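> kindly return the folded structure for what I paste below:
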Amino acid sequence: MEIHTLGASFDPRHNFRAFKSKDVSKLAGKYYPQDFSSNDRHALYLECGFFVADVQNDSKFKNTTSVSDLCRRMVEFDKNWLYPMIYRLICLILTLPVSTTTMERAFSSMNIVKSKLRNKMNDEFLDDLIVLYIERTFADSINNDVVISEFELGGSRRVKFS
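Purely as a prediction, here's the structure:
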């Protein structure tokens, strides 16, 4: 929940009233430490002061209504080059709903895939089965004969597939 609260700092409504440099820095440091080195976090903090003053006074950003709209306008008006650390963090925030949805799908799929008969399988095989289950529409489009012929071309096997 905290990640969403900190991410709300980029809410452009009410002329970026919710923007807080401290929250932006905390968001990058706590939730994206591998994406931001200590130098990057320092640069991010410095960018924050300039960024908020810039977009609050720029008429091109007056009617910005969402974080995705902010990201689009940053690219459109070349602010992504002027504030690269802020742009990187906004892009990471925008992937959050996708990753959350993917995780929920993976856990619900695991309950279906990992039954009592399959509870002794290793993690790698379980991961493969879950991916196939989640992406079953794509998996259904794969021709089994093509896969078998690829395996046969890969080398000799103990069992003949065809």
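> who touches the nearest residue in space to Phe61 that is not next to it in sequence in this structure?
Once flanking residues are discounted, Phe61 sits nearest to Val55: 4.4 Å by C-beta to C-beta, 6 or more residues apart in numbering. Yep, even glycine has a C-beta here, placed from its N, CA and C like the rest. Contacts here follow C-beta atoms under 8 Å, 6 or more residues apart in numbering; on that basis Val55 touches Pro12, Phe16, Phe61, Thr64, Leu70, Lys79.
> return the closest of these with respect to Leu94.
Taking C-beta to C-beta as the measure, Leu94 lies nearest Leu70 of the contacts of Val55, at 9.6 Å.
> residues near that closest one, how many?
21 (other C-beta atoms under 10 Å).
> pLDDT below threshold where in this structure?
Low-confidence segments of the chain, defined by pLDDT under 70: 1-4, 97-121, 161-162.
> which stretches in it count as helices?
With helices called from DSSP state H, the chain shows them at 2-7, 13-16, 21-31, 38-57, 67-76, 79-82, 84-113, 123-134, 136-140, 144-153.
> possible to save the contacts of Val55 as a markdown table with distance to His42?
Formatted as a markdown table, the contacts of Val55 follow (distance: C-beta to C-beta, whole Å):
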| residue | distance to His42 |
| --- | --- |
| Pro12 | 25 |
| Phe16 | 22 |
| Phe61 | 25 |
| Thr64 | 27 |
| Leu70 | 23 |
| Lys79 | 20 |
